[in-house]
Structure formats: C-alpha cells, structure tokens
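Student: below are the sequence and a predicted model for it; my questions follow.
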Amino acid sequence: MEAYILAVLAMAGIYAMLAVSYDLAFGYAGLFSVAHGAFFGIGAYAGALSMLNLGLPFPLALLAGAAAAGLVAAAIALPASRLEGDYLIVGSLAFAVICHELMLNLTEVTRGPMGIPGIPPPSLFGFDFDTPWLQLLVILAVLAVIGLVAWRIAASPYGRVLRALKDDPTALEAAGKSVRRRKLEILTVSAAMAGAAGVTYASYVAFIDPESFIARTSFVIIVATVLGGAGTLWGPAIGALVIWCVPEALRFAGIPATLRGPLNEIVYAALLILIVMLRPEGIAGRRRLRTRTETGTTTTASTTTPAN
Amino acid sequence: MPEVPALRLHGVRKAFGAAVVVHDVSLDIRARATTGLIGPNGAGKTTLFNLVAGVVAPDAGRIEMHGQPLLGLSAAARAARGISRTFQEIRLFPTLTALENVMVACQGNRGERLGTAILRWGIAAADQRRVQARAEELLAAVGLAHLADRLPTELSYGQQKRVGIARALATGQELLLLDEPAAGLDPDAVRDLAALLRRLAGQVGTILLIEHNLELVRELCDEAVFLDAGRVVVAGPPAEVLEDPRVWRAFMGL
C-alpha cells in the first residue's frame, strides 16, 4: 500500500512539473500549445540516451534533457511565434504528431515501439536514489527547482509582460515590448522544464516508449492546468495531483480494469467540462473580473470621491 | 535652415486590397508642437497612425522621425524610440490594474529580461521600485493616483482613457499619438482633458492627435491637418484650416 501511494505521488509530482511549466506558456502568456507532451518526450529520450550511452550522471542528464527540449522548442517557436490562437493549436498538434512518429520510426536511436529499458535511477556522487521514498524525494526536488524558477518568472516584471501579452499583444507591442521575443522565450523555457520532467520520468520508471508521449499526454497536462487554475502556478500542481488521484479512486470503486482506461478519459473530459462551466478560473484561480453588482458598487463609491 | 520636422511623411501610400486608404500623403509635423489631424470617418486618419506606429507597413513612401527613417522598424522598436500611442478603443490590459497597465509600458525595466527575472532578484526588485514610482507619478499626472489598484472594468470610460494616456507617456514621450482622446467624454471631462493636454504639450516632445471635436482642435492645436479620402486637403494654423470651405463641406455636409 505504501509503495502504491508513493507511486501515485511520484507521477503526480512529475505531472505537476509539466502542468506548472505549461501554465507559464498557457496560463500566463495565453499560448495554447498542445505539444507539451512532445517536449516531455524529447526530454525523456534525451535524458535516457545520455545516461545509457554517454554515461552522464543524473543531474547532467537532467540539464541535457532540458536543453534538448528547449532547443527544439526554440527552433519550432521561431516560425511558430508568428502563429496565434487556433493556428498555434494546429501547428503545435502537427509538431506533436511528427515527434511521436519520429520516436516510433527512428529505430536506430529510439528503438521504436520496443522502447528503451534499463534506464538507471537518479544518482548523485555514486549514491543511488533507488527506493520509492528516495525517488519521490528526487522528484520533489526537481519540482521545487522548476516551481522556484516558474514563480520567479511569474512574480517578476517579466510575468506582468506575459499577462499583458495574453490580454492584448497589439497593445503590448505598442508599449515597446517585442511580442515575438517573449513568445519565443517563454515557449523555450516552458519546453525546457517539460524536458527536465521527462528526464525525471525516464529515470523514475526506468523504461520509456513512444506511447507515453502521445497527444493524450498533452491533453492530460492541459486538463490538470485548467482544473487547478491557469495562471496561478500552484493551482496546476494541485490539478496534477487530482488528475492522478481520480483514476485511483475509480480503481477502489470496484470498476473492472478493462473499463478503467476508457473511463479515465471520460472522467477527465467530464472534469474539464464541469470546471469550465462551474468555476472557469479553476480550483486555485481568483476571480479577477468582478461581477456586475460589485462593479456597480464600486462605481457608486467612486462618484462620492471628488473627481480628479 | 528650416528646422527638422518631428515627423515627415513622404509619398506614403497604403491600400487594403482594392481600397486605397492613404494616397501619396506627404506631410511634415512640426517638432514640439501639437498637431490636430481632422477628417471624416474613413479619411485614413487611424491608418496614418498605424503607419507611423509601425502596425501596418506602407505600400510606398518614406516615414522619418527627426530625419531618421522608421521603415523596417517593428512597432515595438518604434515605441522604444519614443513613439507612443493611445487607441480609439483604449485597449487597456483587462487583467492588469491601472498601475500595472502603466508599469508594463515603462521602458528599460531590467526585471523584464528573462535571465534577470530568474536569477538576479536584487536588480529586478530595484527596477521594480523605480518603475512603480515612475508609473505612480504618471498616474498622478493624469489625475488617477487614487485609482491605481483598480482594474480597467472598475474605471469609468473617461478614467480608462486617462490610464491609456499615462500608459503612452510611460512608453515614450518623443512623439505622442492620441487617437480621438475626447470621443465619448462629457463636456466636463473634455475640459479636464484639454487642461491635461495643454499641460503635457509643455512637457513632451510632439503631440499628434486625431479629433472630431473641432473646438478642442481650435483650442489646443498649433497646427491642423485636414485629411479626406486618404489625401491631405489643407494644412496650417487651426484658425485657417477650420474656416476652409472644404472642411466645412466635409463636416457639415454643405
């Protein structure tokens, strides 16, 4: 039972990294990409291969995975930063599909559908983090670093520029801030964080194959982010925890294993619809736009103060 | 030697598909003066603003600020050189407070660099304090210091327009482009606006404003330009331009 709970928490931690990093691009900058799962995969493969083939220690593999995902994202974002709204969704989906195909078919590198087994657990100065508790510790440490960087970005003046970018790119450009540069930067950083999550994941599960990085992966990240509250950082982390606990609840509800897979998808979709209908700002989201009555009160109040 | 104009347009032309919106416009805007751009709807006034601000590129012609060519520079690069603007539809950032709307437009904030934001907390915090003080000063200049923490939806239309002006002042003050600052304001608010713009005229570089309120143009502007169907019809001192029969015909339907 203990190992089981630790495993759920470990996956929740890894998806919290993904949701938090996705929130920077989606929740703050308003960039609706569906390629986050692909960057997760690029990081996982780069990390796994650099550990197995180059013998890199885990911390360096972590950086290698982040760098690989970040570089690919930067290369993709150069043209993609011209895309907006629906076009960015379609463009990023195409990219995600291409990535999945490459993972399947570049068999000399990725071994295709056979996947890459035997990825070593995290180690530091010869000490292996090979028990469930130690692995969870590593995941939480990586999550803490990603969370700290994301918090700095979001809370700094840079985060304010990102929120303005989401609100009105034309007005931001008129205020002297290059929209393309910000899009490029935040897509790169967000992807690099997903890459680090990928390395952590590869090292945790010890085996990766292309099926872990399909469009569904991106979809789960998006659900976690929206559910938790886009644009809040810690909300998406909570969303990731919820997303990993709900299927486990189904397990205990006595639903047969053959039904649980498809039922998961239905539950995710239902959660997404419910949250969008009932609490669009998410679990942690704060209502920033006041309701009509509140605005009315404010207007009345401000007329009593002398104008100017 | 004639002085170099703040803004020079030479043979500027812009068409959207078959519709030619700006026809070979050549125009000098006098430095350190307030110029009013008037004309009926569809005359190409806002398109002219967009051409100067770099939002749209001209099909032909040159645009220079203080003798330096602007073509090829992005809107952000032009803003960084001191060309700032307000929008007819205001376009404040709806999820940012009034103060944040102004702060985000301040230039040279090192905390807005990604690396500094992540790693150099001290610098980011110092610049944040500096920029906040500057933004508070500008909000006070437009008379909104007491509403700094309000969201745009909690402000009246006239107050939102003032935040827009403060945001433009934060962006740059070399050339201020104001798109219909008085539109939608009641007479009291127009009077306040006139007082504000007169104050600004002594402080900022050059002001170019689009306005339908001809009384305001007469009162505020050193120069007026009448634009009709994408062409400059008459330009000169407001008293003369506003008495021109062609202007009367356009505005009165005579």
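Tutor: Right, received. Where do you want to start?

Student: rest of the way, CA atoms for contacts and neighbours
Tutor: OK.

Student: what sits against residue 212?
Tutor: With no chain named, the answer covers chain A. Contacts for residue A:212 were tallied using CA atoms under 8 Å, 6 or more residues apart in numbering or on different chains; they are residue A:41.

Student: chain B was what I was after
Tutor: B:38, B:39, B:180, B:183.

Student: and the first one, how far from chain A?
Tutor: The span separating residue B:38 from chain A equals 23 Å under the rule CA to the nearest CA, to the nearest Å.

Student: chain neighbours aside, what residue packs nearest to that residue?
Tutor: Nearest in space to residue B:38, with sequence neighbours left out and distances taken as CA to CA, 6 or more residues apart in numbering or on different chains, is residue B:226 at 4.9 Å.

Student: tell me the helices and strands packed up against whichever strand or helix holds that neighbour.
Tutor: Assigned by DSSP states H and E, residue B:226 belongs to strand B:223-228. Here strand B:223-228 touches strand B:34-38, strand B:231-236, helix B:238-243, going by 3 or more CA pairs under 8 Å, 6 or more residues apart in numbering or on different chains; DSSP states H and E.

Student: so which of these is the most surrounded?
Tutor: Among the helices and strands packed on strand B:223-228, the stretch with the highest mean neighbour count (mean count of other CA atoms under 10 Å in any protein chain shown) is strand B:34-38, at a mean of 27.

Student: what's the strand holding residue B:226 in contact with?
Tutor: Strand B:223-228 is contacted by residues B:33-40, B:42-45, B:217, B:232-238, B:241, B:247 when judged by CA under 8 Å, 6+ apart.

Student: ok, residue A:21 - how many residues close by?
Tutor: Neighbours of residue A:21 under the rule other CA atoms under 10 Å in any protein chain shown: 31.

Student: what helix or strand is it on?
Tutor: Going by DSSP H and E, residue A:21 is in helix A:2-23.

Student: quick one: list the elements packing against the next helix or strand after that helix.
Tutor: Counting by DSSP H and E, the next helix or strand C-terminal to helix A:2-23 is helix A:36-52. Using 3+ CA pairs under 8 Å, 6+ apart, the elements in contact with helix A:36-52 are helix A:2-23, helix A:58-80, helix A:85-105, helix A:179-205, helix A:215-228.

Student: deepest of those helices, which one?
Tutor: Most buried among those, counting by mean count of other CA under 10 Å: helix A:179-205, with a mean of 27.

Student: quick one: that helix to helix A:2-23, angle?
Tutor: 170 degrees (axes from the mean of the first three to the mean of the last three CA atoms, to 10 degrees).

Student: where exactly do the strands run in the stretch 1-150 of chain B?
Tutor: Under the criterion DSSP state E, counting those that start in this stretch, strands of the stretch 1-150 of chain B are mapped to B:7-16, B:19-29, B:34-38, B:60-65, B:68-69, B:83-85.

Student: out of these, which is closest to residue A:121?
Tutor: strand B:83-85 (55.1 Å; CA to CA).

Student: so which elements touch the closest one?
Tutor: Strand B:83-85 packs on helix B:45-53, helix B:157-171, strand B:175-179, going by 3+ CA pairs under 8 Å, 6+ apart.

Student: low-confidence stretches in the stretch 151-254 of chain B?
Tutor: For the stretch 151-254 of chain B, the stretches with pLDDT under 70 are B:253-254.

Student: which parts of it sit against chain A?
Tutor: Within reach of chain A by CA under 8 Å from any CA of the partner chain, the stretch 151-254 of chain B has these residues: B:151, B:153, B:154, B:155, B:156, B:167, B:168, B:171.

Student: count of neighbours near the third one?
Tutor: If I follow you right, that is residue B:154. Neighbour tally, residue B:154, other CA under 10 Å: 23.

Student: just to revisit the earlier point, name the stretch among the strands of the stretch 1-150 of chain B that sits most buried.
Tutor: strand B:83-85 (a mean of 30).

Student: how far does that one sit from the chain's center?
Tutor: 5 Å (CA atoms, centre = their mean, to the nearest Å).

Student: swap in stretch A:231-242?
Tutor: 10 Å.

Student: how about stretch A:237-251?
Tutor: The answer for stretch A:237-251 is 15 Å, by CA atoms, centre = their mean.

Student: go through that stretch and flag the buried ones.
Tutor: A:237, A:238, A:239, A:240, A:241, A:242, A:243, A:244, A:245, A:247, A:248, A:250 (16 or more other CA atoms under 10 Å in any protein chain shown).

Student: list of residues touching it?
Tutor: Contacts for stretch A:237-251 (CA under 8 Å, 6+ apart): A:8-9, A:11-13, A:15-17, A:19-20, A:220-221, A:223-229, A:257, A:260, A:264, A:268, A:283.

Student: poorly predicted segments of the stretch 201-308 of chain A, please.
Tutor: Those would be A:287-308, if you go by pLDDT under 70 across the stretch 201-308 of chain A.

Student: to clarify, my last question referred to the stretch 1-150 of chain B.
Tutor: B:1-2.

Student: my read: residue A:282 touches residue A:233, true?
Tutor: No - the criterion here is CA atoms under 8 Å, and residue A:282 misses it with residue A:233 at 11.4 Å.
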